[in-house]
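My questions are about this predicted structure, shown below with the sequence.
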Amino acid sequence: MLLSLAFRNLWRNRRRTLLTLSAMVVSAALLILALGVFSGMFKDMLASATEQYYGHLVLAQPEYHLRRDLFANLSVDIVNHPALMNEPEILARSPRLRSFGLLSRQLSSQPVELLGIIPEFEQQVTSLRNKITAGYYPKLEDRNGAMIGQGLANKMKLKPGDELVFVTQAADGSIGNDLLIVRGVFATGDSRNDNSLVLAPLPWLQDVMVLPGRIHEVAMILANPMLAAEMADRLGPNLPENTEVLAWGDLLPEMREVIAAYGVSRMIIVTILYLATGLGILNTFFMSVMERTREFGILMAQGMRPMAIRSLVLLETLFLGGIALTIGLFCGALMTLYMQQVGIDLTTYITPITYAGGTILPRLHAVFEVANFLVPAGMLLLVSLIAGFLPANRAARLDPVVAVRED
Amino acid sequence: MSIYHTSLIRKLLPLLILLPILSGAALALDIQSVIREVEQQYMGTSSRARTTMQVKTSHWERTLEMEAWSLERDYFLVRILEPAKERGVATLKRNREVWNYLPKVDRIIKVPPSMMGGSWMGSHITNDDLVKANHIDEDFHLRLLEETETNYVIECLPKEDAAVVWGKIVYRVRKTPQVPEQIDYFDEEMVRVREIHFDDIQQIGERIVPLRLTVLPLEKPDEMTVLHYRELVYDLDLDESYFSLRNLESP
């Protein structure tokens, strides 16, 4: 009885209810969209750092990632360690050897970071394959085929087919040097990678560095990147001594903080927006309760208890919240879907921004994330209840004798 | 009397003021040439040398046989003779530029400014040492820190505008014969990071030089580079054209 009464009361002032409802729907829907776009931005940032360079997990000698010591290398066999092979969460593994040296062509030289990789495996870990602007991803058979960043290619005026000399310190103390042939050029938008990263086949680099059969790290991709830290802890004890598994959060602590801060900023945005919406709801129900003072007086005089009156008003706000929620979630999901599928390109207005080790691409693009729906939904109901509480209390505390006399 | 006295002082005053300056100038000139002689002891006006360089690090140890030519303080060419794998690898210094020739790829590479601090031929000598050691007397303020019966100790602090990597260099030079005994290098935090010791003092022509120098990087106590001059000939008939990029490639 109380339910149908509450529902019918809601529509007594149809225009007012619809206006409040639309405010709630719009705020919920826009919130969901905005959070979706934020998540999209963070996902781009994380992907730029992990899927373009680190991977989600990196296995190496302890401290290798800090000191990049040439001699802190491992046997290539570690790639096929049972602990890694038997872990279904790990989708791909790529062995890498890293060398810092000089890339030189005629009179121009640039310091570079050269990664020796096995193209077939590296392509499963990093997504540079999708960022190629000229040429192709070097194959293992190319022996000394290299893929370089767009920034480096521009600086040294290189194109596929050009010859380069790579010079570095080899592990036996000699000057490691050999010719490289540019096969592909990539552009990620991340200036660090684009200006100094070079990929070349692993056997070639092992030869140049006099490190046969050795690698520096194994980069891995997980089904769920958010489980990386947990996975690193789980793998550690099963791997040989003198190795360490690091999650992307360890390699990019700033990124981890940015993402943790996102959880907080999401709550702040939701709170601010809903504060305004809450005041709107509060206003609507105060008005509605004041108008019905006489009616509440009669109901009470007939024996309705204050608790029931309070529930009645609260139910009304809950109904309103529920309806707003349903439509808001639907509209929000629809807009998020649009932004996910189509998005907005901002390339003409801004350039990529590198921040906390990741790159924010010049585009607005949304992703679906459960929390982006749950948080606005839960908060909307909560706000409705809080905003309904004051008018409901007022209605419940009415003195029937006074209330009945009100015009 | 007092008038006479005053005028005497007046006459002497300029001299009194000038005296320390003059003696200081004379001294400064002196230590400048001491440093220059130390840094150019293997070069003279021109020279040719056969050297053996032993490099020991915690990961590997190797010995290189090299042949080197120099002219004044500006030109320097060195070529590896042994081991066979690296035969023909050569370094040319022209003024403040360094070039490397790599026979394996048959290419000449100019060492960019960012790599000047890097190791030269895997040793504990940097490219910067090759370029800047000859200019210590120009890039640093020199000061006689201590003079004993047998030695000078000279402190070198970088001039404000000098692009140098050291915070301080201290030379210990024996007076007679005038040969260096030890050079200490300090980084910008004034921590001593490298020592060079000199020994095997020999007479070469009219010069007396220590033929062996040992470079000790103090951060890595188990590492060192020993450079031993096997042959040293001064005052050859060399000119600038000898130190060309073409000559860097083909012996």
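Nice, thanks for sending it over. Residues are numbered from 1 along each chain as shown, chains lettered A, B, ... in the order given.

drop to CA atoms for contacts and neighbour counts, all remaining ones
Will do.

pLDDT wise, what is residue 160 at?
Since no chain was named, I'll use chain A. Per-residue confidence at residue A:160 stands at 90 (pLDDT).

please go with chain B instead
The model's pLDDT for residue B:160 equals 86.

Likewise for residue B:90?
90.

what pLDDT does residue A:205 get?
At residue A:205, pLDDT is 92.

pretty sure it is in a helix, no?
Yes: Residue A:205 forms part of a helix when assessed by DSSP: H, G, I helix; E, B strand; the rest coil.

Could you pull up the mean pLDDT of the helix or strand hosting residue A:255?
In the assignment (DSSP states H and E), residue A:255 maps to helix A:253-291. Confidence over helix A:253-291 (mean pLDDT, whole number) is 83.

If you count neighbours, what's buried in the next helix or strand after it?
Going down the chain from helix A:253-291, the next helix or strand is helix A:293-301, by DSSP H and E. Neighbour-count burial for helix A:293-301 flags A:293-300 (criterion: 16 or more other CA atoms under 10 Å in any protein chain shown).

hmm, who's touching helix A:293-301?
The contact list for helix A:293-301 (CA atoms under 8 Å, 6 or more residues apart in numbering or on different chains) reads A:306, A:309, A:395, A:398-407.

got it, and stretch B:190-203?
Contacts of stretch B:190-203 (CA under 8 Å, 6+ apart): B:167-168, B:180-187, B:208-219.

Could you do stretch A:64-78 as well?
Contacts for stretch A:64-78 (CA under 8 Å, 6+ apart): A:60-61, A:95, A:98-99, A:171, A:213-217, A:251, B:59.

is it true that residue A:385 touches residue A:316?
No: assessed by CA atoms under 8 Å, residue A:385 is found out of contact with residue A:316, at 9.5 Å.

So which of those two has more stuff around it?
Legend: neighbour count by other CA atoms under 10 Å in any protein chain shown for residue A:385 and residue A:316, higher for residue A:316 (27 against 22).

and the more buried one, what helix or strand is that in?
helix A:306-341.

Find the closest residue to chain A in the stretch 101-250 of chain B.
Using CA to the nearest CA, the closest approach of the stretch 101-250 of chain B to chain A is made by residue B:122 at 5.1 Å.

Assign the residue nearest to that residue when sequence neighbours are not counted to helix, strand or coil.
Distances taken as CA to CA, 6 or more residues apart in numbering or on different chains put residue A:173 closest to residue B:122, at 5.1 Å, once the chain neighbours are dropped. Look at residue A:173: counting by three-state DSSP, its state is coil.

Next: residue B:188.
Quick answer, by three-state DSSP: residue B:188 is coil.

Same check on residue B:221?
Residue B:221 is classified as coil under three-state DSSP.

Any idea how many residues pack against it?
10.

Phi first, then psi, for it.
phi -60, psi -20 (degrees, to the nearest 10).

Quickly note the distance from it to residue B:62.
17 Å (CA to CA, to the nearest Å).

circling back: which among the contacts of stretch A:64-78 end up buried?
A:60-61, A:95, A:98-99, A:171, A:214-217, A:251.

among those, which are in helices?
residue A:251 (DSSP state H).

Put together CSV for the buried ones among the contacts of stretch A:64-78, with distance to residue A:159 on each row.
CSV is the format used below for these (distance: CA to CA, whole Å):
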residue, distance to residue A:159
A:60, 33
A:61, 36
A:95, 27
A:98, 23
A:99, 22
A:171, 30
A:214, 30
A:215, 29
A:216, 29
A:217, 29
A:251, 32
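
Just give me the closest of the buried ones among the contacts of stretch A:64-78 to residue B:66.
Among the buried ones among the contacts of stretch A:64-78, residue A:171 lies closest to residue B:66 (CA to CA), at 20.8 Å.

pretty sure the closest one contacts residue A:210?
Yes: the pair residue A:171 / residue A:210 is scored as a contact, 5.7 Å apart, by CA under 8 Å.

Residue A:223 and residue A:57 touch, don't they?
No: counting by CA under 8 Å, residue A:57 is not a contact partner of residue A:223; they are 11.3 Å apart.

Looking at the two, which one has more neighbours?
Remark: of residue A:223 and residue A:57, residue A:57 carries more neighbours, 26 against 13, as counted by other CA under 10 Å.

Wait, that one touches residue A:220, no?
Yes: under the criterion of CA under 8 Å, residue A:57 makes contact with residue A:220 at 5.0 Å.

how near is residue A:303 to chain B?
Here residue A:303 is placed at a distance of 88 Å from chain B (CA to the nearest CA, to the nearest Å).

ugh, typo on my part, it should be residue A:392
From residue A:392 to chain B the distance is 72 Å (CA to the nearest CA).

So what's the residue count around that residue?
27.

Reduced to three states, what does residue B:238 come out as?
Applying three-state DSSP: residue B:238 is coil.
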